[in-house]
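Chemist: pasting the sequence and the predicted model now:
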Amino acid sequence: MDTLTLKLRGMSCASCARNIESAIRSVPGVSDCSVNFGAEQATVKYDPHKTNLDKIQGAVDAAGYSSYSLQEQEMLTGEDDTHKAARQAESRDLTRKIVVGGVISVLLIVGSLSAMTGIEIPLIPAWLSNQWFQLALTAPVQFWCGYSFYINTWKSLKRHAATMDTLIALGTSAAYFYSVFATLFPNFFINSGLMPEVYYETAAVVITLILLGRLFENRARSQTSEAIRKLIGLQARDARVIRNGQEIDVPIQEVQIDDVILVRPGEKIP
């Protein structure tokens, strides 16, 4: 059996990790698979005579995620330059969406204060409380800021599975499209003796706060990976071993069981 370590992209919750595990384990020749959601890595044990890297990665791709094989040094650091650049790009994209979503959410909350409190607030302009204006204002948050939730939900539905993104998409869509219906057909509620309440601010705030949480998570992972890189940089690259009565320097990856390692004063311990 060979062991393979894959770096994963596209996971948003523990359910994603379970979906990837199931997809990889379904590949003939794979004996075991363990996915670490926090490290975004999958460790796979497989029979090289029955399967290979391309088939395993194909299973990950079919599940709606992406992956690539880690080299030995990258297994220690947990992140290479490509993945680091992708994470930085993701952080910039999240920041833009949070700024847009945050500004719109504040406007929607202010415009909804009168409806929420039942008190007319003279300082709030009437156009800010207009339901048609709130509908148009919420649309960019729902469909641009929340675009990834819909994409991930679609991928999950194709696999007959559900993730955290599925719940977010369903919850915010329910609030948004209910509000759209109340805005387009207010008489449906009025004729039933009800007020056509709208919840545009709910959808916008939920999406913005979740994106903010993901930005914090992304930055925390980046800082953790950078700290690990610095620790690995302190590690000795070579080891001095005694074989057949001779001292030889070998890379630490080539140190074998029962090797006698010689460490002189002041040297790093491999």
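Modeler: Perfect, I can see it now. Numbers count the residues shown, from 1 in each chain.
Chemist: and the strand or helix carrying G101, what does it pack onto?
Modeler: Per DSSP states H and E, G101 falls inside helix 81-117. Where contact means 3 or more Cβ pairs under 8 Å, 6 or more residues apart in numbering; DSSP states H and E, helix 81-117 is packed against strand 2-9, helix 131-140, helix 200-233. No exception for glycine: its C-beta is placed from N, CA and C like everyone else's.
Chemist: any buried residues in it, and which?
Modeler: Of the residues in helix 81-117, 83, 87, 90, 94, 97-98, 100-102, 104-105, 107-108, 110-114 count as buried by neighbour count, 16 or more other Cβ atoms under 10 Å.
Chemist: show me where pLDDT drops low in the stretch 51-200 of the chain?
Modeler: Across the stretch 51-200 of the chain, the ranges flagged by pLDDT under 70 are 71-82, 118.
Chemist: and if we set it to 80?
Modeler: 70-86, 114-124, 159 (pLDDT under 80).
Chemist: okay, now the residue nearest to S26 when sequence neighbours are not counted: neighbour count?
Modeler: Spatial nearest neighbour of S26, excluding adjacent residues (Cβ to Cβ, 6 or more residues apart in numbering): A59 at 6.6 Å. Applying other Cβ atoms under 10 Å, we find 22 residues neighbouring A59.
Chemist: which stretch among the helices and strands packed on helix 81-117 comes nearest V180?
Modeler: Among the helices and strands packed on helix 81-117, helix 131-140 comes nearest to V180, with 6.1 Å by Cβ to Cβ.
Chemist: picking up where we left off before, looking at the helices and strands packed on helix 81-117, which is nearest to D32?
Modeler: strand 2-9 (9.3 Å).
Chemist: show the contacting residues for L262.
Modeler: R240, V241, I242, E247 (Cβ atoms under 8 Å, 6 or more residues apart in numbering).
Chemist: again, only this time at 6 Å
Modeler: Residues near L262 by Cβ atoms under 6 Å, 6 or more residues apart in numbering: R240, I242.
Chemist: how near is it to A236?
Modeler: Distance check for L262 against A236: by Cβ to Cβ, to the nearest Å, it reads 12 Å.
Chemist: R96 now?
Modeler: Taking Cβ to Cβ as the measure, R96 falls 43 Å from A236.
Chemist: domain parsing for the chain?
Modeler: 2-66, 81-230, 238-270 (automatic domain parsing).
Chemist: show me how far the longest one is from its chain's centre.
Modeler: Taking the mean of its C-alpha atoms, domain 81-230 sits 17 Å from the chain's own mean (Cα atoms, centre = their mean, to the nearest Å).
Chemist: now swap in the first one and tell me
Modeler: Its chain's average C-alpha position is 16 Å from that of domain 2-66, according to Cα atoms, centre = their mean.
Chemist: quick one: end-to-end length of it, please.
Modeler: 21 Å (Cα to Cα, to the nearest Å).
Chemist: isn't I20 right up against V35?
Modeler: Yes. Shown here, I20 and V35 form a contact pair, counting by Cβ atoms under 6 Å, at 5.1 Å.
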